[in-house]
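**Student:** give me coordinates for this.
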Amino acid sequence: MSLLDNVAPAPRKVMTLFYVVDTSGSMCGSKIGSVNSAMEEAITSDLPEISAANDDAEIKVAIMQFSSGCSWITPQSGPIAIGDVIWNDLNALNKEPIFMISVLASQFRFYYQVKTLLVSGLNENDITQELKAHPYRIKLSVKAVGAVSCDQLLKVLAMLADTDQKIKSGLLDKQLGFELFLIHCKGVFA
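**Tutor:** Numbers count the residues shown, from 1 in each chain. As a prediction, this is how the structure comes out:
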């Protein structure tokens with residue numbers, strides 16, 4: 001028995017990293033995508049490598065998001081070990097998937113109305129009067145539905161209704177359901 005058998009390893013110092021993530025409306029699109037990619041890489045690759053290379057330091061993480069208010073992504077009980085963090089992509093505006101589904105359904109219904117009126121031979125001015133909408137919204141919608149068929153718009157509306165129904169009946173997780181809708185929606189317009 002040597003003296004080294006009785007030596008306990010030195011306690012690791014705790015290094016806590018605090019992340020504050022902006023999920024406000026200014027982060028829509030590629031900005032929030034970049035944040036999600038960077039956080040995923042840091043949590044799954046960079047920080048574990050740093051932790052493994054530094055036997056004397058234990059990395060813990062605390063993550064907060066802010067938009068119109070602040071909320072913890074990690075548990076409120078305090079920082080957690082890097083190995084315990086599971087990153088779920090954040091959404092800009094921090095809106096519930098059910099809300100986003102209703103907003104998209106409203107927009108696609110409007111697109112469908114504009115497209116059917118275009119197909120029936122009405123011009124932008126007539127469509128504006130028929131739908132009692134702002135002329136600029138009509139102009140943007142006409143541009144958006146130019147190369148899209150009525151069948152494609154109806155298919156997206158049916159997918160939205162099906163996703164909404166499955167989420168509300170508990171058959172599908174709301175975040176997963178919304179993400180699956182987005183993936184399948186892309187296929188409709190490919």
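**Student:** in this structure, which spans are strands?
**Tutor:** Assigned by DSSP state E, the chain shows strands spanning 13-22, 57-66, 70-72, 80-81.
**Student:** what does the pLDDT read for the closest residue to residue 101 other than its chain neighbours?
**Tutor:** Spatial nearest neighbour of residue 101, chain neighbours left out: residue 164 (5.1 Å); criterion: Cβ to Cβ, 6 or more residues apart in numbering. To be clear about C-beta, it is placed using only N, CA and C from the backbone, and glycine gets the same treatment. Note on residue 164: pLDDT of 94.
**Student:** with residue 45 instead?
**Tutor:** According to the model, residue 45 scores 84 on pLDDT.
**Student:** with residue 27 instead?
**Tutor:** Residue 27 is given a pLDDT of 85.
**Student:** check contacts around residue 12.
**Tutor:** For residue 12, the contact set (Cβ atoms under 8 Å, 6 or more residues apart in numbering) comprises 55-58.
**Student:** re the thing from before, what about the residue nearest to residue 101, how many neighbours?
**Tutor:** Applying other Cβ atoms under 10 Å, we find 21 residues neighbouring residue 164.
**Student:** with residue 86 instead?
**Tutor:** Using other Cβ under 10 Å: residue 86 sits among 8 other residues.
**Student:** hmm, back to that, right, and the residue nearest to residue 101 touches residue 100 too?
**Tutor:** No - the pair residue 164 / residue 100 is not scored as a contact, 10.5 Å apart, by Cβ atoms under 8 Å.
**Student:** quick check: residue 98 touching residue 167?
**Tutor:** Yes - using Cβ under 8 Å, residue 98 is in contact with residue 167, at 6.4 Å.
**Student:** helices and strands around the longest helix seen in the chain, which ones?
**Tutor:** Counting residues, the longest helix found in the chain (DSSP state H) is helix 97-119. Applying 3 or more Cβ pairs under 8 Å, 6 or more residues apart in numbering; DSSP states H and E, we find helix 97-119 packed against helix 124-131, helix 135-144, helix 150-168, helix 174-188.
**Student:** turn the ones you listed into CSV, including distance to residue 64.
**Tutor:** Formatted as CSV, those follow (distance: least, Cβ to Cβ, whole Å):
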stretch, distance to residue 64
helix 124-131, 43
helix 135-144, 36
helix 150-168, 27
helix 174-188, 19
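**Student:** so what's the spatially closest residue to residue 161 that is not a sequence neighbour up against?
**Tutor:** Closest residue in space to residue 161, ignoring its immediate chain neighbours: residue 105 at 7.2 Å, by Cβ to Cβ, 6+ apart. Counting by Cβ under 8 Å, 6+ apart, residue 105 touches 157, 160-161, 164.
**Student:** so how far is residue 98 from residue 105?
**Tutor:** Note on residue 105: its distance to residue 98, by Cβ to Cβ, to the nearest Å, is 11 Å.
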